[in-house]
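# Sequence first, predicted coordinates after that:
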Amino acid sequence: MPGIVAGALVAHPPILLAEVGGVQSSMTSLPVRRGANAGGNLARFRAPHVQVAAQVDVVLADALIADGRRAGFSLIWAEETELDHGVVVPLHSLPRTMANKRCIFLGVSGWPLQRFVEFGSWLHGWLRDRAVILIASGDLSHRLTADAPYGYRPEGPVFDRLVIDALRDRDWKRIEGLNPDLIEEAGECGLRPLGILLGAAQAAGLSSQVLSYEGPFGVGYPVVAFTTPTVAGTAPNTGLDIQALGRRAIDTYLRTRRLIEPPQPIPVELQAPSAVFVSLRKDGELRGCVGSVQPTEATAAHALIRYAVASALRDPRFEPVRLDEVAALTIKVQLLDPPEPTELSRLNPHTHGIIVRRGDRQALLLPGIEGIDTPEQQLRAACEKAGINPNAPLGLERFRTRMLE
């Protein structure tokens, strides 16, 4: 598996870690860390016990400097300082992934955004004889609210929405073409690392999936996975037998009233939290469908198990599944991308599900429902499900799903 095989954009607020929560550079060269060992902690955030240590691939770093310079990229050796929170926070969350792995740590410089993209593309080709995961650490706007670190600017929310929408739509050229004045006023700190990741991901043929985005404290915190794309509407093959796992979860619960644990190791595609819907069919007819709009479990694998059982026993439209029915069930699992506000003209019932809200009433419809072919039909069906007048003022959101195979 050559070059960049996966990547992630992650925010790095120290308050993200329970232990803590309870300047931009104008250099024209990109720094590369040289020492064999690197470490850091969050002492400045009152959590000195939060520490990380990593081994640097010194040979690879030497070659990167030499070959990068020959390719026209200005690379320099970084000073041997402690790793800052922008590195400590992401690595603290990856102890198992980091085991027996060597790292290369890149800094930032004053290059224009397009130069970072070009460097990422070159980096993927340069790493073609290795399998590498590239992590871009950075937040989005620091100007989302009046109490944000840099104060409020209307460009802050606009910038974040444009970036997140482009990542959700897998249309990264929109990010590369952002107005420099908008970027400046947004007060961001993650666009340059993201530029490297976008260049590498494009060269590697990866696809982006927004796992979460939120803006507490006036700062935009994104989590985005970059993985090998699959057929539209499907998630990567996890290596699990989804049918066997779902049936075993239901069978075990019916016999013991206990939820099983996911098989170990949990596939990468199911390690992150995710909203999940599980549908059961018997002889082609729906037998149960239950899920969540937001992540409710530590991993998507745990959610899959929980909602397989809930679909069998807690869908009020059906009698609970009997033990003698389990072997005849067909299981369909859909992972939901985070919902986004929308309007009727942007709906496509074949590719997007919808959520309608009015007061304390709401309903969700998954995409691809037989007999629903137009936005108007989709909206009407969702309102009927929720007991809402479709002509009343509504809150409307759309979302994509990925089918597990």
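Perfect, thanks for sending it. Computed from a prediction, not measured in an experiment: that's the story for all the values here. Residues are numbered from 1 along each chain as shown.
# use CA for all of it now, contacts and neighbours both
OK.
# quick one, what contacts the residue lying closest to residue 138 once chain neighbours are set aside?
Excluding the flanking residues, the one nearest residue 138 by CA to CA, 6 or more residues apart in numbering is residue 190, at 3.7 Å. Going by CA atoms under 8 Å, 6 or more residues apart in numbering, residue 190 touches 136, 137, 138, 139, 140.
# If we use 7 Å, what do you get?
137, 138, 139, 140 (CA atoms under 7 Å, 6 or more residues apart in numbering).
# same thing with residue 243?
Neighbouring residues of residue 243 by CA under 7 Å, 6+ apart: 330, 331.
# phi, psi of it?
phi -60, psi -50 (degrees, to the nearest 10).
# One more: residue 133?
Torsion angles, degrees, to the nearest 10, at residue 133: phi -110, psi 130.
# Report the beta-bridge partners for it.
Applying DSSP bridges to residue 133 gives these bridge partners: residue 6.
# how deep is it tucked in, by neighbour count?
15 (other CA atoms under 10 Å).
# isn't it right up against residue 9?
No - look at residue 133 against residue 9 with CA atoms under 7 Å: they stay out of range, at 11.2 Å.
# re the thing from before, from residue 197, how far out is the residue nearest to residue 138?
Distance of residue 190 to residue 197, computed by CA to CA, to the nearest Å: 11 Å.
# before we move on, back to that, of the contacts of residue 190, which belong to strands?
residue 137 (DSSP state E).
# in the stretch 201-350 of the chain, what spans have low per-residue confidence?
Residue ranges of the stretch 201-350 of the chain with pLDDT under 70: 229-239.
# Just want the phi and psi numbers for the nearest residue to residue 366 once chain neighbours are set aside.
Spatially, and ignoring its direct neighbours in sequence, residue 366 is nearest to residue 353 (4.3 Å; CA to CA, 6+ apart). Backbone geometry at residue 353, expressed as degrees, to the nearest 10, gives phi -90, psi 170.
# still on that earlier bit, nearest to residue 260, of the contacts of residue 190?
Comparing the contacts of residue 190 against residue 260 with CA to CA places residue 137 closest, at 34.7 Å.
# neighbours around residue 49, how many?
Residues within reach of residue 49, counting by other CA under 10 Å, total 11.
# Could you do the one 5 residues further on as well?
For residue 54, the number of neighbouring residues by other CA under 10 Å comes to 20.
# can you pull the contacts of it?
Applying CA under 7 Å, 6+ apart to residue 54 gives the contacts 37, 38, 39, 102, 103.
# Is it correct that the first one is in contact with residue 55?
Yes - assessed by CA under 7 Å, residue 37 is found in contact with residue 55 at 4.7 Å.
# Which parts of the stretch 1-150 of the chain are strands?
3-10, 30-32, 37-42, 47-56, 75-77, 102-103, 131-137 (DSSP state E, counting those that start in this stretch).
# which of the ones you listed sits most buried?
strand 3-10 (a mean of 24; mean count of other CA atoms under 10 Å).
# That one packs against which elements?
Applying 3 or more CA pairs under 7 Å, 6 or more residues apart in numbering; DSSP states H and E, one finds that strand 3-10 makes contact with helix 113-126, strand 131-137, helix 191-204, strand 221-227.
# Residue 287: which of those is closest?
Of all the helices and strands packed on strand 3-10, strand 221-227 sits nearest to residue 287, with 33.0 Å by CA to CA.
# In its sheet, which strands sit next to the closest one, and in what direction?
strand 3-10 (antiparallel), strand 207-214 (antiparallel).
# could those be laid out in a markdown table, adding distance to residue 298?
Formatted as a markdown table, the strands paired with strand 221-227 follow (distance: least, CA to CA, whole Å):
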| stretch | distance to residue 298 |
| --- | --- |
| strand 3-10 | 17 |
| strand 207-214 | 13 |
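# How is the chain divided into domains?
Segmentation of the chain into domains, based on automatic domain parsing, reads 3-227, 242-336, 340-403.
# measure the last one end to end?
With CA to CA as the measure, domain 340-403 spans 19 Å from end to end.
# For stretch 357-371, give me every contacting residue.
Residues contacting stretch 357-371 (CA under 7 Å, 6+ apart): 349-356, 382, 385-386, 394-396.
# just stretch 206-217 next, same as before
Residues contacting stretch 206-217 (CA under 7 Å, 6+ apart): 148, 167-168, 170, 220-229, 337-338.
# Could you pull out the buried residues of that stretch?
Of all the residues in stretch 206-217, those buried under the rule 16 or more other CA atoms under 10 Å are 206, 207, 208, 209, 210, 211, 212, 213, 215.
# Tell me what the fifth one is bridged to.
Spelled out, it's residue 210. Beta-bridge pairing of residue 210 under DSSP bridges involves residue 224.
# what about the strands of the stretch 1-150 of the chain, which gets the closest to residue 85?
strand 37-42 (6.5 Å).
# Against residue 164, how distant is residue 150?
From residue 150 to residue 164 the distance is 21 Å (CA to CA).
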